[in-house]
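J.: coords please:
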Amino acid sequence: MIGIVLASAAGIVTLAAAALGYRKLRQHRVARTLAIDTPGGIAEGRYVRVGGVEQWIQIRGADRTNPVLLLVGGAGIPMEPFTTVLRPLERHFTVVLWDRRDVGRTRGRNGKAGSDTWTFGQLADDGIEVIEHLRRHLGQDKVVLVGHSQGSILAVTMARRRPDLLHAYVGTGQIVDMARNEQLTHRMALDRARAAGNRKAVKALERHTPPYHDVRTWIAKQRWSMATDPEIRAWQRSASAAVLSWPEYSLADVYRSAFGALFLPPRLFVETMSCTPETLGTRFEVPFLILHGDADLHTLPSLAEQYVTTVEAPTAEFVRLPDSGHLSMLTRPDLLLTELLTRVHPLATANRR
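T.: The predicted structure is shown next:
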């Protein structure tokens with residue numbers, strides 16, 4: 001009996017070692033494909049002191065004199081492992097990915113201490129410090145600010161507070177009116193689950209109905225809403241591989257990336273659920289652009305389009321990205337890049353100091 005147990009344990013160890021060896025091989029391959037060898041190129045990842053704590057930023061681009069694009073991602077999920085998908089942007093922009101307090105390496109370095117008091121206002125102050133660091137480090141006065149999903153609330157707050165630091169604000173998967181959004185998206189998810197005959201999803205969605213007053217209930221709704229979304233189901237398969245093979249990610253980093261969306265600090269949750277056009281604001285001193293997947297089932301394009309009609313800004317535009325959904329930035333980066341080059345890049349190059 002002891003021999004069988006020992007043999008089984010040895011087999012498990014062997015399989016684990018093989019899996020880790022394969023992962024290390026994949027990490028080396030990904031690192032090679034990500035090499036930037038252009039004379040003016042930049043490829044850096046580092047912690048910087050922001051808001052009194054160390055926060056992780058990644059800076060990459062083919063030419064460090066290109067316009068700087070700071071991408072603020074959604075709740076709890078670091079964008080760093082998806083650098084390979086975003087690489088086309090690096091030919092035209094210096095792309096900066098930021099792990100804010102509740103995300104990725106920054107949360108790994110600092111933990112959850114104080115998270116019950118975090119607000120979008122505090123995170124916006126952090127983000128403004130990040131931009132100030134980029135200005136000094138890259139020698140450029142302004143950045144293009146892109147906010148995705150929950151990150152769009154944070155990025156809009158930054159744009160309203162410090163327009164002098166921005167060439168333009170760009171939203172994608174823009175959150176606008178969460179009360180209306182959750183009523184509509186819950187009904188749509190339930191319809192999809194019933195049409196597919198997914199009894200488990202139907203039962204869960206019937207149990208978790210809006211309005212959502214606690215994080216767990218909302219996350220349960222999100223889980224089944226996304227499970228019935230073809231775009232996200234397809235993306236999840238490639239996302240897992242991207243996270244596992246990201247160079248220099250430890251297994252702890254992989255864990256935080258995989259389950260980061262389950263960590264939503266209480267005040268950030270309340271502020272997200274109470275988001276309206278009025279709380280976002282409708283007056284901006286920078287060009288204001290929303291690039292929205294026309295098949296987004298989670299932050300509805302119709303609500304974002306209505307919001308843009310109320311925005312007063314030097315320019316305010318709403319553009320639907322065809323055949324794409326909530327993750328258009330990652331599933332159709334070509335569409336995002338085309339619009340950025342057409343509508344934003346000329347603004348950034350014209351305003352260069």
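
J.: Against residue 226, how distant is residue 259?
T.: The spacing between residue 259 and residue 226, counted by C-beta to C-beta, to the nearest Å, is 14 Å. Where C-beta positions appear, they are placed from N, C-alpha and C, glycine not excepted.

J.: more neighbours, those two?
T.: Using other C-beta atoms under 10 Å, the more surrounded residue of residue 259 and residue 226 is residue 226, with 19 against 11.

J.: Could you pull up phi and psi at the residue positioned nearest the centre of the chain?
T.: Closest residue to the average C-alpha location of the chain: residue 73 at 2.2 Å, with C-alpha atoms, centre = their mean. Backbone torsions for residue 73, taken as degrees, to the nearest 10, come to phi -80, psi -180.

J.: these two touch, right, it and residue 106?
T.: No. Contact between residue 73 and residue 106 fails when scored by C-beta atoms under 8 Å: they sit 12.0 Å apart.

J.: Residue 277 is in contact with residue 308, isn't it?
T.: No. Contact criterion C-beta under 8 Å: residue 277 and residue 308 do not qualify, at 9.8 Å.

J.: Residue 89 and residue 66, how far apart?
T.: From residue 89 to residue 66 the distance is 10 Å (C-beta to C-beta).

J.: Then residue 153?
T.: Residue 153 is 27 Å from residue 66, where distance means C-beta to C-beta.

J.: Could you list the low-pLDDT ranges of the stretch 251-353 of the chain?
T.: 351-353 (pLDDT under 70).

J.: Can you show me the strands along it?
T.: 288-293, 316-321 (DSSP state E, counting those that start in this stretch).

J.: Tell me which of these sits nearest to residue 344.
T.: The closest of those to residue 344 is strand 288-293. By C-beta to C-beta, the value is 6.7 Å.

J.: Strand partners (parallel or antiparallel) of that closest one?
T.: Here strand 288-293 has these sheet partners by DSSP bridges: strand 166-172 (parallel), strand 316-321 (parallel).

J.: Using CSV, lay out those strands together with mean neighbour count and distance to residue 44.
T.: CSV is the format used below for these (neighbours: other C-beta atoms under 10 Å; distance: least, C-beta to C-beta, whole Å):
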stretch, mean neighbour count, distance to residue 44
strand 166-172, 27, 21
strand 316-321, 19, 30
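
J.: Would you reformat those strands as CSV and include distance to residue 81?
T.: What follows is those, written out as CSV (distance: least, C-beta to C-beta, whole Å):
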stretch, distance to residue 81
strand 166-172, 18
strand 316-321, 22
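
J.: Kindly state the pLDDT recorded for residue 179?
T.: Predicted confidence (pLDDT) for residue 179: 97.

J.: Which secondary structure elements does whichever helix or strand it is part of sit against?
T.: In this structure, residue 179 sits in helix 178-196 according to DSSP states H and E. If contacts are counted by 3 or more C-beta pairs under 8 Å, 6 or more residues apart in numbering; DSSP states H and E, helix 178-196 sits against helix 199-207, helix 215-227, helix 266-273.
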